[in-house]
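Engineer: I'll drop the sequence and a predicted model, then ask my questions.
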Amino acid sequence: MTKATYERYLTCYKHFKDFLLKEYNVVDLTVCEIDKELYEKFELFLRNVKKCANNTAIKYIRNFNKIVRIAIEKGWIASSPYKEIGFRLVEIDKPYLSQTELNTISEKKITIPRLELIRDIFIFCCYSGLAFSDVKELIEDNIMIGIDNHKWISKHRKKTNVISKIPLLSVAEKLIEKYKDNPVCIIKGVLLPVPSNQKMNAYLKEISDICGIKKNLTTHTARRTFATTVMLHNGVNMEAVSKMLGHTSLFMTRKYAKVDEQYISQETRGIEEKLKEVAS
């Protein structure tokens, strides 16, 4: 379990304690009292009192239900009413940057050092596809010479321990070179002086404003930009993108790499001429 997942369970625990006090005026319940009504009330509490969006509320309920499943495995209760209720996540169209937007951010002259650094880390993520936690841990040993005699990034993902092998594109390589003498890099032995995730996402909001980008910039936006704009739009197939992202299934990759109109147009270009040839 990653630290982020652990913290989500702690938050779920806190919300559930608050829920018990508000709805039942108790600090604890026996597991045999867990029923469909409790699940439904907890969902409403998360939405109305904690002001959670639909998907956030459902994720907390899923965290809670994993604990309930332990009770089932122990034989303390017979079953969970979770499946009876049919909680569903809503598909959200998460943003990625077009090549024009990516160029705008990359080429923007930024005179504030803290924002310049954040912009550079973000651009590195866009051209490497690495998650924030993996970029933060990136060291010299993660750079290797690949089968094509070019530099590659080779790293086990912190979240899943699945290895990602990614060609080191020139844009990303130049950024590593730019920060090789940075004090943080020298002291910690890392390739980039990556700040906290909180600072990263907070400063990215400033960068989106000064660059005139109307999309919500996060480190996840960068990872989706790598998958869609940098890779799919340049002819790299979904299976290869999946390997580079360190995914174990194409289902997960499709959440990052969007088959949009540009990709469909690119893939079907020339099909009209081919159909005419067949018809003739």
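Structural biologist: Yep, that arrived.

Engineer: only C-alpha atoms for contact and neighbour calcs from this point on.
Structural biologist: Fine.

Engineer: got the contact list for residue 195?
Structural biologist: Shown in contact with residue 195 (Cα atoms under 8 Å, 6 or more residues apart in numbering): residue 136.

Engineer: how near is it to residue 130?
Structural biologist: The span separating residue 195 from residue 130 equals 15 Å under the rule Cα to Cα, to the nearest Å.

Engineer: swap in residue 191?
Structural biologist: Counting by Cα to Cα - residue 191 and residue 130 are separated by 13 Å.

Engineer: Give the residue spans of this structure that score low on pLDDT.
Structural biologist: Residues of the chain meeting the criterion pLDDT under 70: 93, 258-263, 266-268, 270, 272, 275, 278-280.

Engineer: Spatially central, which residue of it would that be?
Structural biologist: residue 220 (4.1 Å; Cα atoms, centre = their mean).

Engineer: Which neighbouring residues are in contact with that residue, exactly?
Structural biologist: 131, 132.

Engineer: give me the element it is part of.
Structural biologist: Per DSSP states H and E, residue 220 falls inside helix 219-225.

Engineer: Keeping just the C-alphas, turn that helix into PDB.
Structural biologist: Below are the C-alpha coordinates for helix 219-225, written out as PDB (Å, rounded to 0.1, in the frame of the first residue of the first chain):
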ATOM      1  CA  THR A 219       1.000  15.900 -12.600                       C
ATOM      2  CA  HIS A 220      -1.700  13.500 -13.900                       C
ATOM      3  CA  THR A 221      -2.500  15.900 -16.700                       C
ATOM      4  CA  ALA A 222       1.200  15.600 -17.700                       C
ATOM      5  CA  ARG A 223       1.000  11.800 -17.700                       C
ATOM      6  CA  ARG A 224      -2.100  11.800 -19.900                       C
ATOM      7  CA  THR A 225      -0.500  14.400 -22.200                       C
END
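
Engineer: same for the following helix or strand past it, what does it pack against?
Structural biologist: Past helix 219-225, heading to the C-terminal end, the next element that is a helix or strand (DSSP H and E) is helix 238-245. Secondary structure elements in contact with helix 238-245, counted by 3 or more Cα pairs under 8 Å, 6 or more residues apart in numbering; DSSP states H and E, are strand 163-167, helix 250-253.

Engineer: what angle sits between helix 238-245 and strand 163-167?
Structural biologist: With axes from the mean of the first three to the mean of the last three Cα atoms, to 10 degrees defining the directions, helix 238-245 sits at 110 degrees from strand 163-167.

Engineer: Would you mark the buried spots in helix 238-245?
Structural biologist: Under the neighbour-count criterion of 16 or more other Cα atoms under 10 Å, helix 238-245 has 238, 241, 242, 243, 244, 245 buried.

Engineer: gap between the last one and residue 12?
Structural biologist: When distance is defined by Cα to Cα, residue 245 is 29 Å away from residue 12.

Engineer: swap in the second one?
Structural biologist: Here the distance between residue 241 and residue 12 works out to 33 Å (Cα to Cα).

Engineer: hmm, who's touching the helix or strand that contains residue 10?
Structural biologist: Under the criterion DSSP H and E, the helix or strand holding residue 10 is helix 3-24. By Cα under 8 Å, 6+ apart, the surrounding residues in contact with helix 3-24 are 26, 27, 28, 42, 45, 46, 50, 60, 61, 63, 64.
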